[in-house]
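>>> model the structure of this input:
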Amino acid sequence: MRLRLREGLLIVFVLSIVAYAGCGAAAEEPLPIPPMPPGGDGCMYIDADKAHEMLTDAPSETILIDVRTKSEHENEHISLEGVESLNIPISELELMSEEDVEKKINRSKMIIVYCRSGSGSRRACEILTQYGYNVFNLEGGINAWKSAGYPTTASMPSPHMPTETPKQMPEETPETPETPAPTVSEHPTNTPQKSPGAPSVPGFELTFAFVIFAVLLYAFRRR
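Below is the predicted model:
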């Protein structure tokens, strides 16, 4: 009778150790990380190559919005055949009501906003996203667009250029290409977290428990 009681207590002790080992193994799993919206601000970001692909694949379904000043837009802007292009400075967009925005921008189309380097267009992206538009922010702005080799109105030939080529042309000094603006990633890096104090060797507690069980059981039976 005493032997059965001792064996029962021994089994309870071993099961407790096994349960603790299972809890320790579960603690090794990384904590779940909530998904982050694109850019962390609700905006969707695309590079120059992806923007060019969208504009050429579906030009009638996309609107380009330059949020720089009027003078900057007139001096140089992105223009592709068949794509609607608008110039709404960010200072004006911030003062417009949702009704005023709907009068200027077709809600059913995809919107690509850009500025010089991408900072001003980010604010425009946030505003239009709040109004329910499908908005993409061109990372790096028009600087990144030109660095990728895509044309702007400044690099396109003027329609008023003479058709006849002069006999003698002065030598042109090659222009120094602009240095692309550095792109700073705004997406935070999420590092999986580990629970402190988790066992470093998987299955160690379970093996240890069975060893104790075997030793104690052998000792009881010897008696």
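
>>> can you give me the strands for the chain?
Along the chain, the segments classed as strands by DSSP state E run 44-46, 62-66, 84-87, 110-114, 134-138.

>>> in its sheet, which strands sit next to the fourth one, and in what direction?
Strand 110-114 has the following strand partners under DSSP bridges: strand 62-66 (parallel), strand 134-138 (parallel).

>>> equivalent analysis for the first one, please.
Partner strands for strand 44-46, per DSSP bridges, with pairing direction: strand 134-138 (parallel).

>>> what does the third one give?
Applying DSSP bridges to the sheet, strand 84-87 is found paired with strand 62-66 (parallel).

>>> rounded mean pLDDT for the strand it pairs with, please.
Mean pLDDT, computed over strand 62-66, is 96.

>>> okay, that strand in PDB with CA atoms only?
Taking Å, rounded to 0.1, in the frame of the first residue of the first chain, the C-alpha atoms of strand 62-66 are listed here in PDB:
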ATOM      1  CA  THR A  62      -4.600  57.200 -63.300                       C
ATOM      2  CA  ILE A  63      -4.200  60.800 -62.300                       C
ATOM      3  CA  LEU A  64      -0.900  62.500 -61.700                       C
ATOM      4  CA  ILE A  65      -1.000  65.300 -59.100                       C
ATOM      5  CA  ASP A  66       2.000  67.600 -58.600                       C
END
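
>>> numbering from 849 from now on, please.
Sure thing, new numbering starts at 849, so read that last one as strand 910-914.

>>> ok, Asn923 to Ile1060 distance?
Distance of Asn923 to Ile1060, given as Cβ to Cβ, to the nearest Å: 81 Å. Any C-beta I mention is one placed from the backbone N, CA and C, and that applies to glycine too.

>>> picking that back up, next, format the strands paired with strand 958-962 as JSON lines and append distance to Lys952 and mean neighbour count.
What follows is these, written out as JSON lines (distance: least, Cβ to Cβ, whole Å; neighbours: other Cβ atoms under 10 Å):
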{"stretch": "strand 910-914", "distance to Lys952": "9", "mean neighbour count": "23"}
{"stretch": "strand 982-986", "distance to Lys952": "14", "mean neighbour count": "23"}
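
>>> for the ones you listed, which one sits closest to Tyr893?
Of all the strands paired with strand 958-962, it is strand 982-986 that lies closest to Tyr893, at 5.3 Å by Cβ to Cβ.

>>> quick one: the helices in this protein?
Applying DSSP state H to the chain gives helices spanning 850-875, 896-905, 918-923, 938-941, 946-952, 967-978, 989-995, 1052-1070.

>>> could you tell me the least trusted of the ones you listed?
helix 850-875 (a mean of 53).

>>> list the contacts for Ile959?
Each residue near Ile959 by Cβ atoms under 8 Å, 6 or more residues apart in numbering is listed here: Thr910, Ile911, Ile913, Ile953, Leu976, Tyr981, Asn982, Val983, Phe984.

>>> next: Tyr998.
With Cβ under 8 Å, 6+ apart, Tyr998 has these contacts: Ala896, His900, Ile926.

>>> nothing else from me, thank you.
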